[in-house]
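In: turn this into a model:
(one chain, ligands or ions: 1)
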Amino acid sequence: MNTRTTKDWQAADASHHLHPFTDFKSLAGKGSRIITRADNIYLWDSEGHKLLDAMSGLWCVNVGYGRRELIDAATKQLETLPFYNSFFQTTTPPAIELAELLAQVTPPQFKHVFFSGSGSEGNDTIVRMVRRYWDLKGQPERSVIISRHNAYHGSTMAGASLGGMSGMHEQGGLPIPGIVHIEQPFWYESDRRLSRDEFGLKAARALEQKILEIGADKVAAFIGEPVQGAGGVIVPPATYWPEIQRICDRHGILLVSDEVICGFGRTGQWFGCETFGYRPDLMTFAKGVTSGYIPLGGVMVGERVAKVLIEEGGEFAHGYTYSGHPVACAVGIANIKLIQREGLVERVRTEIGPYLAETFAALAEHPLVGEVQTCGMMGALQLVKDKASGEMFDGKLEVGMVCRAHCFGNGLIMRAVGDRMIVAPPLVMTKAQIDEMAVLIRKCLDLTQ
Ligand code: PLP
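Out: Model prediction:
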């Protein structure tokens, strides 16, 4: 048994552990909150406090914590074959079975998968794959990839370059060449004189303008998250994605859907592109594929690209030691079967997602909230300075941090993105648990006011 006290943990943490997306100095002498166990949708810290995890860890624990099927699948695979790779003409049964299963649950154009260890690595694979595709098509000058401001596509050099986070671009010489960004479909932040649908068309048409500016013969692909997650759960107007699809088709550009957050039921369909009605050529996935129990990611390769890579490509000089890791794949198989058996995707679409939407609609009455957005089991509260005019907070956006601190102090894990408070709870959450979350949210909004 581990007998360290919280203070011991925190001292060792502060001395040795550099945390992601953290001001390292901020932990000096203070340390972090130490999360020690979890069950269903709850976490406990080292001092025994219970927290309702409204973020599914980091948007990944779709089936909730403590699921025996996933634990058993990992244990069994660890005992049988803890590791072997899929390089050099070998592979393992779990990698094959998961590839087969993914071909069944993804839209019909997808028959092939390339595994990675994470979403970031998946998006690095995307960059190499789309450029390889155009090389093989005899159009190597088609190399530019268009993405969006405030998108998040990972932390590797290519992932962070595809992403449109200015704070990330300021560090380490990003973006890498050949990646450009257009506006995001964030209606509330616009001047709001256009209706949402008009704004959706306008935001999508920024893609066409960029293509014309660069020259269509130089553009390889467009990449987007169905709903921008880390950017603040920005649900695009219904007109946005169909217009993006039309523009990509018109100019022959590959359409890439980053489903790292939206995949595996979060939006009420298996994949976000199905919710928003577009047909990507490639899809990145991670997180929900194993419900975060173990790292795994990858790229679904649609027939248009797969045919060229397979028939004309020769060796694709790319791969990761952990591409198709057997233990991760075994957990992925168990996770997908559990989602199927419990009908979680349909549950999000018809029952629990609509209940989250109703609950958030009621929270829209709060004086600090300008608007709410939900999509399946994702939601955002836009905090505003002035409810009547909808004037947003400017400057340093401290309000989200204040609200988040109240959440943390009151047993709720909710995330702040600037002045947007967001949730992405496990898909297994019950209505009673949504009510419980709403009581906590309301309390924290009151404390923030
Ligand atoms: N793409 C999206 C849409 C994400 O939200 C994330 C992570 O949050 C990534 C890619 C990167 O995934 P990972 O952190 O597994 O590398």
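
In: tell me the domain boundaries of the chain?
Out: Residue ranges for each domain of the chain read 33-63+343-448, 69-341, as given by automatic domain parsing.

In: okay if I get the ones you listed as a markdown table plus mean pLDDT, mean neighbour count and distance to the ligand?
Out: Quick note: C-beta positions are derived from backbone N, CA and C, even for glycine. Formatted as a markdown table, the domains of the chain follow (pLDDT from 0 to 100; neighbours: other Cβ atoms under 10 Å; distance: least, Cβ to the nearest ligand atom, whole Å):
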| stretch | mean pLDDT | mean neighbour count | distance to the ligand |
| --- | --- | --- | --- |
| domain 33-63+343-448 | 96 | 18 | 6 |
| domain 69-341 | 98 | 20 | 2 |
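
In: go through those domains and name the closest to residue 25.
Out: domain 69-341 (15.7 Å; Cβ to Cβ).

In: now do the end-to-end distance for that closest one.
Out: With Cα to Cα, to the nearest Å as the measure, domain 69-341 spans 12 Å from end to end.

In: same check on stretch 166-179?
Out: Length of stretch 166-179, first residue to last, Cα to Cα: 14 Å.

In: now that stretch: how far from the chain's centre is it?
Out: Mean-position distance between stretch 166-179 and its chain equals 20 Å (Cα atoms, centre = their mean, to the nearest Å).

In: and the contacts of that stretch?
Out: 127, 143-147, 149, 155, 157-158, 160-162, 181 (Cβ atoms under 8 Å, 6 or more residues apart in numbering).

In: helices of the stretch 301-449 of the chain, start to end?
Out: Assigned by DSSP state H, counting those that start in this stretch, the helices in the stretch 301-449 of the chain fall at 303-312, 326-341, 344-347, 353-363, 398-409, 431-448.

In: just to revisit the earlier point, so can I have JSON lines of the domains of the chain showing distance to residue 11?
Out: Below are the domains of the chain laid out as JSON lines (distance: least, Cβ to Cβ, whole Å):
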{"stretch": "domain 33-63+343-448", "distance to residue 11": "11"}
{"stretch": "domain 69-341", "distance to residue 11": "27"}
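
In: which helices and strands sit right next to the strand or helix carrying residue 198?
Out: Assignment of secondary structure by DSSP states H and E places residue 198 within helix 196-214. Applying 3 or more Cβ pairs under 8 Å, 6 or more residues apart in numbering; DSSP states H and E, we find helix 196-214 packed against strand 144-148, strand 179-182, helix 240-251.

In: so residue 391 sits against residue 385, correct?
Out: Yes - here residue 391 reaches residue 385: they are 4.9 Å apart, a contact under Cβ atoms under 8 Å.

In: I'd like the distance between residue 84 and residue 91.
Out: 8 Å (Cβ to Cβ, to the nearest Å).

In: oh sorry, the question was meant for residue 353
Out: For residue 353, the distance to residue 91 - Cβ to Cβ - is 37 Å.

In: likewise residue 112?
Out: Applying Cβ to Cβ, the value for residue 112 to residue 91 is 13 Å.

In: before we move on, what about residue 38?
Out: Using Cβ to Cβ, we find residue 38 at a distance of 32 Å from residue 91.

In: could you find the closest non-adjacent residue to the most centrally placed residue in the chain?
Out: By Cα atoms, centre = their mean, the chain has its centre lying nearest to residue 261, at 2.5 Å. Distances taken as Cβ to Cβ, 6 or more residues apart in numbering place residue 229 nearest to residue 261, at 3.9 Å, with adjacent residues excluded.

In: mind saving the C-alpha coords of stretch 146-165 as CSV?
Out: Output in CSV follows, covering the C-alpha atoms of stretch 146-165 (Å, rounded to 0.1, in the frame of the first residue of the first chain):
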residue,chain,number,x,y,z
ILE,A,146,-6.0,24.7,-45.1
SER,A,147,-7.2,24.7,-41.5
ARG,A,148,-9.0,27.1,-39.2
HIS,A,149,-8.0,29.7,-36.5
ASN,A,150,-8.7,28.3,-33.0
ALA,A,151,-8.7,24.7,-34.2
TYR,A,152,-6.9,22.1,-32.2
HIS,A,153,-5.2,19.2,-34.0
GLY,A,154,-2.5,18.2,-31.5
SER,A,155,0.8,19.1,-30.1
THR,A,156,3.4,17.6,-32.5
MET,A,157,5.0,20.0,-35.0
ALA,A,158,2.5,19.2,-37.7
GLY,A,159,-0.5,18.8,-35.3
ALA,A,160,0.2,22.2,-33.7
SER,A,161,0.7,23.8,-37.1
LEU,A,162,-2.6,22.4,-38.4
GLY,A,163,-4.1,23.8,-35.2
GLY,A,164,-4.9,27.4,-35.1
MET,A,165,-4.0,28.2,-31.5
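
In: what's the spacing between it and its chain's center?
Out: 12 Å.

In: same check, this time on stretch 310-326
Out: That offset, for stretch 310-326, works out to 24 Å (Cα atoms, centre = their mean).

In: can you map out the helices along the stretch 51-200 of the chain?
Out: Going by DSSP H, counting those that start in this stretch, the stretch 51-200 of the chain shows helices at 56-59, 68-80, 93-105, 119-136, 157-162, 166-169, 196-214.

In: ok, residues contacting the second one?
Out: When contacts are taken as Cβ under 8 Å, 6+ apart, the neighbours of helix 68-80 outside the stretch itself are 63, 94, 290-291, 293-294, 326-327, 330-331, 333-335, 337-338.

In: what angle separates that helix from helix 326-341?
Out: 160 degrees (axes from the mean of the first three to the mean of the last three Cα atoms, to 10 degrees).

In: now do the last one
Out: Using the same axes, to 10 degrees, one finds that helix 196-214 and helix 326-341 are set 150 degrees apart in direction.

In: ok, now the third one?
Out: On the basis of the same axes, to 10 degrees, helix 93-105 is oriented at 30 degrees to helix 326-341.

In: so what secondary structure elements neighbour helix 93-105?
Out: strand 110-116, helix 326-341.

In: do the fifth one as well
Out: In this structure, helix 157-162 makes packing contacts with helix 119-136, helix 166-169, strand 179-182, judged by 3+ Cβ pairs under 8 Å, 6+ apart.

In: so which residues make contact with that helix?
Out: For helix 157-162, contacts defined as Cβ under 8 Å, 6+ apart pick out 119-121, 123-124, 126-127, 145, 147, 151, 153-154, 168-169, 172, 174-176, 179, 223.

In: what's the answer for the last one, then?
Out: If you take Cβ under 8 Å, 6+ apart as the criterion, helix 196-214 is touched by 144, 146, 180, 182-187, 190, 192, 194, 219, 222, 236-241, 243-244, 247-248, 250-251, 253.

In: the fourth one too?
Out: Judged by Cβ under 8 Å, 6+ apart, the contacts made with helix 119-136 from elsewhere in the structure are 114, 116, 140, 142-143, 145, 153-160, 162, 179, 220-221, 223, 254, 256, 258, 260, 282, 284-287, 297-299, 301, 305, 308-309, 312-313, 316, 318, 320.
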